[in-house]
Every structure is written in C-alpha cells, then in structure tokens.
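S.K.: Any chance you can model this:
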Amino acid sequence: MLANGIGSSLFLVASFSLTIMIDRYGRRKPLIIGPSLMGICMIVVGMLLVGYGSPHFDAESQQLKYSFANLNAGNAAVAFVFLYMISFGSTCAALPWTYQNEVFPVSARGRGTALSACINWFANFWLGLYMPEALNKAAWKIYFVFGGICIATSFVTYLFYPETAQRSLEELDLLFTPNRRKLVCFDWEACQKGSLLHRDFEGVEVAQQLETALVMGGIQKTV
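M.R.: Numbering: from 1, shown residues only. Coordinates of the predicted model:
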C-alpha cells in the first residue's frame with residue numbers, strides 16, 4: 001500500500017509537469033523518449049526478477065505478491081517501478097488524449113477520438129482481468145514483453161508520427177497530403193513545431209484564406 005501510494009504521488013506530480021509543459025515539449029519527443037525509458041525500466045525489473053525473485057498470484061488473498069531473495073534487488077525493482085511511473089506521467093500520460101484529437105481530419109475527428117477512447121478503455125479492462133494470471137504464469141517474461149512493446153512504440157513514433165504542437169487543427173491536414181514523405185522522420189518540416197501555413201505562404205492573408213478553405217472543406221488533400 002505504501003509503494004502504491006508513493007508511486008501514485010510521483011505519477012501525479014509528473015503528470016502535472018507535462019500538463020504545464022506540453023506545448024514546449026511538443027508531441028514527438030515525449031512520445032519517443034518516454035516509452036524508451038519505460039521499456040528500459042520494465043526490462044531492468046524483468047532482469048532483477050530473473051536473478052533474484054518472481055511474482056506470483058496468491059489465490060487465497062487474490063493479490064499479486066513479489067518475493068526477492070535479495071533485499072537490495074527488491075528495493076532496486078521498486079525504484080525502477082517508480083522511475084517507470086515518473087517516465088509515464090511526465091511524457092505519455094496525457095499526450096495520447098491530446099494527440100488523437102489533433103491528427104484526425106475535421107470530418108472524422110468525432111468518430112476517430114471516440115473509437116480511440118473505446119479501444120483504450122477496452123484494453124485497460126482486458127489487462128486488468130488478465131494481468132494477475134499472466135504474471136503468475138509468465139513471471140519475469142511479461143516484463144520483457146511490455147518493455148519490448150514500449151521500445152517498439154518509440155520506433156513507430158519516430159518513423160510515422162508528425163509533430164502537431166503549436167499548429168491549428170485545420171492546418172494539420174497539410175501534414176497528411178500525398179506529396180509528403182511516408183516516413184515522417186525524413187520530413188524535417190513535419191518534425192518541427194510551429195505553423196505550417198505561415199511558413200508555406202508569404203502573406204498572412206493568403207495563409208488565413210487557406211485555413212478558412214480547410215475548415216469549410218474547400219481544399220483537397222492533393223494540394
């Protein structure tokens with residue numbers, strides 16, 4: 001209970017810092033760095049479990065319990081779990097909820113964000129039911145699985161996720177036009193923060209006209 005309380009408090013503070021700094025951090029960097037750190041923490045915990053202990057599900061108390069042959073190894077595992085919570089809270093806690101609202105086109109934003117939220121909560125529900133049994137059967141292996149998923153997420157973000165910070169919702173459609181590179185990491189403009197409209201056009205008036213056309217649906221994605 002004490003560990004859960006400390007971990008939740010660290011998560012709250014880290015999430016608050018992300019709320020304040022989200023526009024300065026941008027979207028891509030936190031979604032690349034955060035899952036990488038989270039994956040490393042999971043892998044380290046898995047290695048500690050391989051060498052010094054294993055989680056097991058107590059059927060009588062219906063709780064997941066950990067046993068370590070070495071006290072220092074147990075403390076280190078708890079410390080890396082705390083570090084995981086800090087990494088998650090300071091980089092990824094709120095960003096997916098923000099990012100999903102930005103990348104969908106105006107015509108599909110409502111349905112897209114609703115579907116994203118549905119999938120997220122369904123996954124949380126399923127993991128909540130399955131994790132005690134998974135940890136009991138797979139023990140340390142499950143930490144390597146989740147660590148690998150986190151690191152893979154960083155690579156996917158680096159390759160395909162454009163930067164959306166400091167851009168209006170309407171001009172974000174310009175990030176997904178056919179003339180853009182499929183691998184975002186090679187599109188310098190798509191990886192930077194700031195307005196696309198004023199960078200692409202010399203006059204502010206022209207930029208405003210384009211933004212109005214995007215809102216009204218009067219411009220095609222082939223532009």
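
S.K.: measure residue 100 to residue 113 for me?
M.R.: 5 Å (CB to CB, to the nearest Å). In this view, the C-beta of every residue, glycine as well, is placed from N, C-alpha and C.

S.K.: cool, residue 105 as well?
M.R.: Counting by CB to CB, the gap from residue 105 to residue 113 is 12 Å.

S.K.: buried ones in stretch 132-147?
M.R.: 132, 134, 135, 136, 139, 140, 142, 143, 144, 146, 147 (16 or more other CB atoms under 10 Å).

S.K.: between those residues, which is closest to residue 93?
M.R.: Nearest to residue 93 among the buried residues of stretch 132-147: residue 146, at 16.5 Å, using CB to CB.

S.K.: Which parts of this structure belong to which domain?
M.R.: 2-160, 171-216 (automatic domain parsing).

S.K.: Least confident of the ones you listed, on average?
M.R.: Out of those, domain 171-216 stands lowest, with a mean of 70 (criterion: mean pLDDT).

S.K.: Mind giving me the packing neighbours of the strand or helix carrying residue 136?
M.R.: Using DSSP states H and E, residue 136 sits within helix 109-138. Here helix 109-138 touches strand 53-58, strand 63-68, helix 95-103, helix 141-160, going by 3 or more CB pairs under 8 Å, 6 or more residues apart in numbering; DSSP states H and E.

S.K.: Could you say which one of the ones you listed comes nearest to residue 2?
M.R.: Going by CB to CB, the one of the helices and strands packed on helix 109-138 nearest residue 2 is strand 63-68, 13.9 Å.

S.K.: Quick one: residues in contact with the next helix or strand after that closest one.
M.R.: Next along the chain after strand 63-68, taking DSSP H and E as the criterion, comes helix 71-91. The contact list for helix 71-91 (CB atoms under 8 Å, 6 or more residues apart in numbering) reads 3, 6-8, 10-15, 17-18, 25, 30-31, 33-35, 37-38, 41-42, 44-45, 48-49, 51-53, 66, 68.

S.K.: Might you report the residue contacts of the residue nearest the centre of the chain?
M.R.: Compute the mean C-alpha point of the chain, and by CA atoms, centre = their mean the closest residue is residue 92, 4.0 Å away. Counting by CB under 8 Å, 6+ apart, residue 92 makes contact with 30, 31, 34, 35, 38.
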